[in-house]
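Novice: Predicted model and sequence below, questions to follow.
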Amino acid sequence: MQDAYLMPASPAPRQTDYRPSIKKSRGHVPACLVNASVTYCSNDRIYAFGGFDQYTDEVYNHVLKLDLETLEWELVDNYGDIPGVRMGHTASLYQGDKLIVFGGENEHREYLADVVILDLNTFTWSIPEIRGPIPRGRARHAAVIHEDKLFIAGGLTGEKNLILDDLTYLDLQTWTWSRTWSFTARFDHIAWVWGTRLWIFGGLGPNMERTTDIWWLDLKGSPSLAGNTNLQGSVNSLDFHLPTAHYPDSIPNSPSHQMSPRSYAANSGSVQVRNLGRRKPLAPGAISCLRFNSGPHVPSLFSGTHFQSFVSGVLLDLITPSETVRSHDCNLSALELNSLRWQRLADGQEIFRPGYRWHYCTVNEAGTKAWLLGCSIEGVPGSSDENQMSEVLTIDLEKYGLLGNGLSADAPEQDGPWPSDPMGSQVSGLGADLAAVFDHPPESGSGTDFVITAIRDDWDCGNSDYMGDEPIVSPTQAAPTFVEVDPSTSDPIHVHRIFLQLRWPHFKRLYSAQMAEYHTKRMHIPEPYSVVRAFLYYLYTDSIAGHPDYCSTPIDVAGMLVMANLYDMPKLRLLCVNRLSRELDVHNAAIVWERAGRTNEHWLKRRAEQFCQIYWGRVVRTDGFKSLSHRSLIELCEVVDADASIIAGPELEMVSAFGAHGDDSKNSQLRLGSTADESEMDGDDEGMEIL
């Protein structure tokens, strides 16, 4: 009989509950400008250009740089064809080292349509030679660069502040404008391109209220949007046209200047006066729109100061405090574009501290961090803090389960299906090739040369140490090694040593030390077989996407989260947190809560805790809840609100405020992030719910 060893579970380092930090900037701190452009430009640098100072009534054309490492503001000396003062313009990063500025409004309330370029290496401005039909001047529009095209959507123009529904683009290879189409009328919105689609969200519409709908336009398959600027586009055969312009009663955040009869000296040729009554064809390509009327996680778009950003395949909506909105009424929400479902990532009090106002938000190109720029409103009387953009709030988006742009699921190609699973369901490329030889015995020709065993899934862990509060720990062994085969041991999993050495740092150290596994070519991991198999499958494919045989359930993912924490594998940890946050349901919430607590994933634990409170009557009847240790059961019960009312049976149907009831079968999943329609279920459950 071989010597028996146990795998230790090294205690994870203690972590504190995450809360974004606020730090004060220094240097040439700018005023709290209105409608300036604030752009993240790699290497942890933010550039601010233009804007309106509401305290001095001035419009600027200054370029300022904020170093996010030193938090030092610097007034940048710039050269060349320096553009005139403006606000409400857009500044888009192009090719990593150029800012392309379009449009805006000058101090005479004239709307511009010029294009100027700032080289961030030399800080020299240049004006390209523009061809094609120049679009009308505008401000507070949206701009996005995609495949060397600068798309411009919406905005304000004219003496009466017309709300435009225009869509046009500038070909950045030929510097030629396309024609103009109708899309959707709004301003102060956001636009982005993802998965062959141009998306529009947020801002204000013709009724001067924040919009609750999201629009998208298919870019592929339309010659007019494919780069040929000489084509005139296509007109919908139904001859339906969106309104050309809209007249609001008043526009907020505009300076009090009156229109001047003088022409603006700088870029005067770019001040546009066009025939606004001219009809435009609809934008070529399929146009779709979805309105979010209500739902438990749909952000309240009618209050607070909103910032929106597209990162990681989701749209972030951040509600920040204002004069009438406290931090408790704010939140961070995410719209999953694959499923078009909202989910609440964090409440306002988890992010914001009282006494601050935030004016701008920007996100790095990796989609992992966001910065809010603002001021303190509780400074010393007579100080300039309230008038200066001196405070920086740094938000680590990975702490809220976001993967970042490098790890998020790719959008489907043109004419491809849009899966409801945001993590995707297929492994492609090299991962697919390696998966073909995973867990096949060597006699099959797979080349496997190592065996791993685990705990059988059907083994009764109720009397074992596995489901206890503390994992099994060997006081003398510093690495996992072979355990003598016993009735609880699973079937062998056949793997390749070279893959494990390359992909699993812990295994590489173990093997280099020539531990027992080096000689026996076997290893036992005291975790459930399905979890270990899913973990090894991840090492082969770099994916934890749902698979019929591997990593098929969130329970397995929760087990992998424990292994990711044990072996210090941050990428796997992030993938697990992201998937678990999206797939919480009554059957796995208790287990996710326990595993998140074991691994110090405070954000995920809090989300699972909130879910358990909402669906408490169902959670307590699940196998997952019953499998928790005695101590975990007591702790989970203690998090239930002491002031909550417990209502059972028919009385529950009388409580109209509670609208989420459903079948207890395993096919019915009550998930966070569902819309109002999904939460309207039958209320014939005889269980107990907490209110």
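Specialist: Nice, thanks for sending it over. Numbers count the residues shown, from 1 in each chain.

Novice: Specify which residues of the stretch 151-300 of the chain, grouped into ranges, have pLDDT under the cut-off.
Specialist: Within the stretch 151-300 of the chain, the stretches with pLDDT under 70 are 226-278.

Novice: Strands along that one, start to end?
Specialist: 156-157, 162-164, 166-171, 176-177, 181-182, 190-194, 197-201, 213-218, 245-246, 287-291 (DSSP state E, counting those that start in this stretch).

Novice: Figure out which of those strands is closest to residue 329.
Specialist: strand 197-201 (20.9 Å; C-beta to C-beta). The way it works is simple: take the backbone N, C-alpha and C, and place the C-beta from them, glycine included.

Novice: what angle separates the closest one from strand 166-171?
Specialist: Computed by axes from the mean of the first three to the mean of the last three C-alpha atoms, to 10 degrees, the angle separating strand 197-201 from strand 166-171 equals 130 degrees.

Novice: got a list of contacts for strand 197-201?
Specialist: Outside of strand 197-201, the residues within contact range by C-beta atoms under 8 Å, 6 or more residues apart in numbering are 142, 144, 146, 151, 153-154, 167, 183-184, 186, 189-193, 211, 214-219, 308, 310, 315, 335, 337, 411.

Novice: Just say which of the strands of the stretch 151-300 of the chain is most tucked in.
Specialist: Mean neighbours per residue, mean count of other C-beta atoms under 10 Å, is largest over these for strand 156-157, with a mean of 28.

Novice: name the helices or strands packed onto it?
Specialist: On a contact count with 3 or more C-beta pairs under 8 Å, 6 or more residues apart in numbering; DSSP states H and E, strand 156-157 meets strand 162-164.

Novice: partners of the strand it packs on in the sheet?
Specialist: Within its sheet, strand 162-164 is paired with strand 156-157 (antiparallel), strand 245-246 (antiparallel), according to DSSP bridges.

Novice: Report the distance from it to the chain centre.
Specialist: Remark: strand 162-164 is offset 30 Å from the chain centroid, using C-alpha atoms, centre = their mean, to the nearest Å.

Novice: And stretch 592-599, by the same measure?
Specialist: The answer for stretch 592-599 is 23 Å, by C-alpha atoms, centre = their mean.

Novice: Equivalent analysis for stretch 537-555, please.
Specialist: Computed by C-alpha atoms, centre = their mean, the chain-centroid distance of stretch 537-555 equals 22 Å.

Novice: Mind listing what's buried along it?
Specialist: 537-547, 550-551, 554-555 (16 or more other C-beta atoms under 10 Å).

Novice: Output that stretch as PDB, restricted to C-alpha atoms.
Specialist: Taking Å, rounded to 0.1, in the frame of the first residue of the first chain, the C-alpha atoms of stretch 537-555 are listed here in PDB:
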ATOM      1  CA  TYR A 537     -11.400  21.000 -18.500                       C
ATOM      2  CA  TYR A 538     -10.700  24.700 -17.900                       C
ATOM      3  CA  LEU A 539      -7.000  24.100 -17.900                       C
ATOM      4  CA  TYR A 540      -7.400  22.500 -21.300                       C
ATOM      5  CA  THR A 541      -9.800  25.000 -22.900                       C
ATOM      6  CA  ASP A 542      -9.400  28.300 -20.900                       C
ATOM      7  CA  SER A 543     -13.200  28.300 -20.600                       C
ATOM      8  CA  ILE A 544     -15.900  27.700 -18.000                       C
ATOM      9  CA  ALA A 545     -18.800  28.100 -20.500                       C
ATOM     10  CA  GLY A 546     -21.700  25.800 -19.900                       C
ATOM     11  CA  HIS A 547     -21.000  22.300 -21.400                       C
ATOM     12  CA  PRO A 548     -23.300  19.200 -21.200                       C
ATOM     13  CA  ASP A 549     -20.500  17.200 -19.600                       C
ATOM     14  CA  TYR A 550     -18.200  19.800 -18.000                       C
ATOM     15  CA  CYS A 551     -19.000  22.800 -15.800                       C
ATOM     16  CA  SER A 552     -22.700  22.300 -16.600                       C
ATOM     17  CA  THR A 553     -24.100  23.700 -13.400                       C
ATOM     18  CA  PRO A 554     -23.400  26.700 -11.200                       C
ATOM     19  CA  ILE A 555     -22.800  24.300  -8.300                       C
END
